[in-house]
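Novice: Here's a sequence, model it:
(chains A, B, C and D)
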2 protein chains.
Amino acid sequence: MHAMGEDLGLRERKKLRTRQALITAALDLFMEKGYEQTTVSEIAAAADVSTRTFFSYFASKEDVVFHDSREGLDRALRTMAEAAPGERAADVLGRVIADGYAALDVDDQVRRGIVPTNRLTMTVPSLRARGLLLLFDGQRELAEALHRACPDELTLVEASAAVGAVVGGAKLATFVAMNQGASPEETLRAGRQAVEFALAGLRARIPHPETAAP
Amino acid sequence: MHAMGEDLGLRERKKLRTRQALITAALDLFMEKGYEQTTVSEIAAAADVSTRTFFSYFASKEDVVFHDSREGLDRALRTMAEAAPGERAADVLGRVIADGYAALDVDDQVRRGIVPTNRLTMTVPSLRARGLLLLFDGQRELAEALHRACPDELTLVEASAAVGAVVGGAKLATFVAMNQGASPEETLRAGRQAVEFALAGLRARIPHPETAAP
DNA sequence: CAGAAAACTACATCAAGTGTAAATTTGCAA
DNA sequence: TTGCAAATTTACACTTGATGTAGTTTTCTG
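Specialist: You can find the predicted model right below:
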């Protein structure tokens, strides 16, 4: 766990600094005057680079908001890869989710950054859409990993049904709870509850149905 | 059930015809040369209107593809509103889904149009994102309706967990199945199976848990 | 048929995003 | 240190989606 860009060449370090400057400038501006009201030129100017350079760091204005979207997914994939052979899918999935929630509690610094960006991704339509797309593609990866972890228990399609149910239920429940003005704690509880309820369906399955159909 | 725009003024009929011309022209062009390779100007030209007029019929290029996205949702909401008082949520939800799938089997004409647009919405990233956004907001409406249908059995957040699990599971399973090259029949079966599996979790719940927490 | 309302068009404008070639900066070796 | 190659940044031109506006055409109503 070391800070940004130790033992890297000057070139690499500068690139990381520019990237971080763009992220900070963009998020500050988004909070201050709104996402749609902020232009890429303004972001670039605030980070002291040309507009064109922005697009060599991020493919789109949306991408800045989701710059760290893979981190949580990669953690989940790592956790899933650690599953013991023969472990039940419901247990694997439950562990992955629990570990993900646990990660939220740890890093206070991270959490502070998450709250305002979360408001953005819930409010701005194009960001909501982009977020859902990332979530969906993440689920596809998770489903593949779950199938790899429990190849005898679940086909890929069945693993997809399981992951989709767990994540889909948690996402909608969380969103609605937050939209009702629930506290962060209540919101998290709504998500966990949704997960438990979806996992119940998975646990109810018969252990080894020999994959295919009659 | 009557055809497009009987007993309407000329003005209204013409508007409907223009709208339909835009849809047809757009979809034809999208199939022929791809969504991103087709410009709005080309669509407008093919439908014999000005480019500006296109945007008085559709707020965006994406919207043409999803012009009928509310139909299925409205049908589902209608079905849900017909629920008997005291009916179990799992039964209501199961009936809504079954009715939705049934509607697909009926209208052959509709189905022929759905297949190619489905390929579009699976292939083109911006359309995938937009489709997921519409699906998500649709789920919010469904959850509200389910909560209205079973106010004593489920809170709004619980109803959201249920709807999210059912739809999320079905969506991902369907997508993955289709992506594996499954036949339309197999694909549908994957979706139905995912629904059944998510509903099992809902059925496992105790009947009347008096809403809130301990 | 005349006047009002609705729809359409032309035109100007803005922001996101891409291609390209020139200029600048960095890395490295003589 | 100097000089050259590679990476990076920049300026500029351009395309496309989308919006505002003002003027023209079409439809509706009395």
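Novice: so how far is A:G191 from A:L172?
Specialist: Using Cβ to Cβ, to the nearest Å, we find A:L172 at a distance of 10 Å from A:G191. C-beta coordinates here come from the backbone N, C-alpha and C atoms, glycine included.
Novice: Ok, A:T155 next?
Specialist: From A:T155 to A:G191 the distance is 27 Å (Cβ to Cβ).
Novice: Between those two, point out the one with more neighbours.
Specialist: Neighbours per residue (other Cβ atoms under 10 Å in any protein chain shown) separate A:T155 from A:G191, with A:G191 holding more: 23 against 18.
Novice: Which strand or helix spans the more buried one?
Specialist: Assigned by DSSP states H and E, A:G191 belongs to helix A:184-203.
Novice: If I take that helix and helix B:184-203, what angle do their directions form?
Specialist: Helix A:184-203 runs at 120 degrees relative to helix B:184-203, counting by axes from the mean of the first three to the mean of the last three Cα atoms, to 10 degrees.
Novice: tell me the average confidence for helix A:184-203?
Specialist: Taken as a whole, helix A:184-203 has a mean pLDDT of 93.
Novice: Ok, stretch A:43-56 next?
Specialist: 98.
Novice: May I see the buried residues of that stretch?
Specialist: A:43-44, A:46-47, A:49, A:54 (16 or more other Cβ atoms under 10 Å in any protein chain shown).
Novice: Quick check: the farthest pair among the residues you listed?
Specialist: Pairwise distances across the buried residues of stretch A:43-56 peak at 10.5 Å for A:A46 and A:F54 (criterion: Cβ to Cβ).
Novice: By mean pLDDT, point me to the weakest helix or strand of chain A.
Specialist: helix A:108-123 (a mean of 78; mean pLDDT, DSSP states H and E).
Novice: from the middle of its chain, how far away would the next helix or strand after it be?
Specialist: Per DSSP H and E, the first helix or strand lying C-terminal to helix A:108-123 is helix A:125-149. Per Cα atoms, centre = their mean, to the nearest Å, the displacement of helix A:125-149 from the mean C-alpha position of its chain is 8 Å.
Novice: quick check, helix A:125-149 touching chain B?
Specialist: Yes: using Cβ under 8 Å from any Cβ of the partner chain, we find that helix A:125-149 touches chain B at A:125, A:128-130, A:132-133, A:136, A:139-140, A:143.
Novice: Of those residues, just the buried ones, ChimeraX syntax please.
Specialist: Per 16+ other Cβ under 10 Å, the buried members of these correspond to this ChimeraX selection:
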select /A:128,129,130,132,133,136,139,140,143
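Novice: Turn the residues of helix A:125-149 next to chain B into JSON lines, columns for pLDDT.
Specialist: JSON lines is the format used below for the residues of helix A:125-149 next to chain B (pLDDT from 0 to 100):
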{"residue": "A:P125", "pLDDT": "97"}
{"residue": "A:R128", "pLDDT": "98"}
{"residue": "A:A129", "pLDDT": "98"}
{"residue": "A:R130", "pLDDT": "98"}
{"residue": "A:L132", "pLDDT": "98"}
{"residue": "A:L133", "pLDDT": "98"}
{"residue": "A:F136", "pLDDT": "98"}
{"residue": "A:Q139", "pLDDT": "98"}
{"residue": "A:R140", "pLDDT": "98"}
{"residue": "A:A143", "pLDDT": "98"}
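Novice: Looking at the residues of helix A:125-149 next to chain B, which one is closest to B:S69?
Specialist: A:A129 (13.4 Å).
Novice: List the contacts of the closest one.
Specialist: Residues in contact with A:A129, defined by Cβ atoms under 8 Å, 6 or more residues apart in numbering or on different chains, are B:129-130, B:132-133.
Novice: redo that, cut-off 10 Å
Specialist: Counting by Cβ atoms under 10 Å, 6 or more residues apart in numbering or on different chains, A:A129 makes contact with A:62, A:121, B:62, B:126, B:128-134, B:136.
Novice: Repeat that for A:A47.
Specialist: With contacts defined as Cβ under 10 Å, 6+ apart, the neighbours of A:A47 are A:17-26, A:29, A:53-54, A:57.
Novice: Swap in 7 Å and give it another go.
Specialist: Shown in contact with A:A47 (Cβ atoms under 7 Å, 6 or more residues apart in numbering or on different chains): A:18, A:21-22, A:25.
Novice: ok, of those, which come out buried?
Specialist: Using 16+ other Cβ under 10 Å as the burial test, the contacts of A:A47 include A:18, A:21-22, A:25 as buried.
Novice: quick revisit: got the contacts of A:A129 as a markdown table, with distance to DNA strand C columns?
Specialist: As requested, the contacts of A:A129 are arranged in a markdown table below (distance: Cβ to the nearest atom of the strand, whole Å):
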| residue | distance to DNA strand C |
| --- | --- |
| A:E62 | 6 |
| A:T121 | 16 |
| B:E62 | 13 |
| B:S126 | 9 |
| B:R128 | 15 |
| B:A129 | 12 |
| B:R130 | 14 |
| B:G131 | 18 |
| B:L132 | 17 |
| B:L133 | 16 |
| B:L134 | 20 |
| B:F136 | 21 |
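Novice: Which member of the residues you listed is positioned nearest DNA strand D?
Specialist: Set against DNA strand D, the nearest of those by Cβ to the nearest atom of the strand is B:E62 (6.1 Å).
Novice: Many thanks, I have nothing further to ask.
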